[in-house]
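> Let me see the structure of the following:
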Amino acid sequence: MYESDSNSADTKQPSPQGLTIRARCPADAAAITDLHNLPGYRWGTMRLPHHSVEEVRRGIEQQAADVRSLVAVLEGRIVGDIGLLPAKGRRAHAATIGMGVHDDFTRRGIGRALLGEAVAIADEWLNLRRLELTVYTDNTAAIALYESVGFKVEGTMADYAFRAGSYVDAFAMARIRL
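Okay, here's the model as predicted:
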């Protein structure tokens, strides 16, 4: 077993100038749909092509009360999102993270800012000990980001998902707070 000695202050680094992170809301449905339908964004997630605005709006409106869903806004556009989904019962100390950044806004610190905010919420407000995520093994930029805030690979899942005509492996990663 391993533990991260990084505290949430280590994950909170300066955001890109003008970036705002806030809770998502039903009025964001069209912009989030556009984000989720981008090919690069979708490549790194489990999302299928061609989400509809109504589908996304319904997901926002029906979201469980304990889920934290945030969006990153830059230059008036939603350029990324992240979800923090707490587990229940005997796993109430854990949560799963899923996130993505707009194809045209990668490598600008947006993913780091979103992840930092989610980790801070987990550490400082929800007292979560374990954060989990799944990332495709060929997503080296995301893996580097996750490792930089204390996530470690716990295992490799062969043929985890079917993406663009072939199977792709994924890493199970987790960050355990002291």
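
> When you work out contacts or count neighbours from here on, use the C-alpha atoms and nothing else.
Noted.

> Please identify the buried residues of stretch 108-125?
Across stretch 108-125, burial judged by 16 or more other CA atoms under 10 Å covers 109-123.

> Just give me the residue right at the centre of the chain.
Nearest to the mean C-alpha position of the chain, by CA atoms, centre = their mean, lies Met99 at 2.2 Å.

> What would the helix or strand that that residue is a member of look like as PDB? C-alpha coordinates only.
Assessed by DSSP states H and E, Met99 sits inside strand 94-101. Extracted in PDB, the C-alpha atoms of strand 94-101 (Å, rounded to 0.1, in the frame of the first residue of the first chain):
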ATOM      1  CA  ALA A  94     -13.400   7.200  -1.600                       C
ATOM      2  CA  ALA A  95     -14.500   9.000  -4.700                       C
ATOM      3  CA  THR A  96     -14.000   8.600  -8.500                       C
ATOM      4  CA  ILE A  97     -12.800  11.400 -10.700                       C
ATOM      5  CA  GLY A  98     -13.600  11.900 -14.400                       C
ATOM      6  CA  MET A  99     -12.400  14.900 -16.400                       C
ATOM      7  CA  GLY A 100     -11.600  16.400 -19.700                       C
ATOM      8  CA  VAL A 101     -10.400  19.500 -21.400                       C
END
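
> which helices and strands sit right next to it?
Where contact means 3 or more CA pairs under 8 Å, 6 or more residues apart in numbering; DSSP states H and E, strand 94-101 is packed against strand 77-86, helix 110-124, strand 130-136.

> ok, and what's touching it?
35, 41, 44-45, 79-87, 110-111, 128-134 (CA atoms under 8 Å, 6 or more residues apart in numbering).

> Buried members of these into ChimeraX, please.
To isolate the buried members of the contacts of strand 94-101 in ChimeraX, using 16+ other CA under 10 Å:
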select :35,41,44,45,79,80,81,82,83,84,85,86,110,111,128,129,130,131,132,133,134
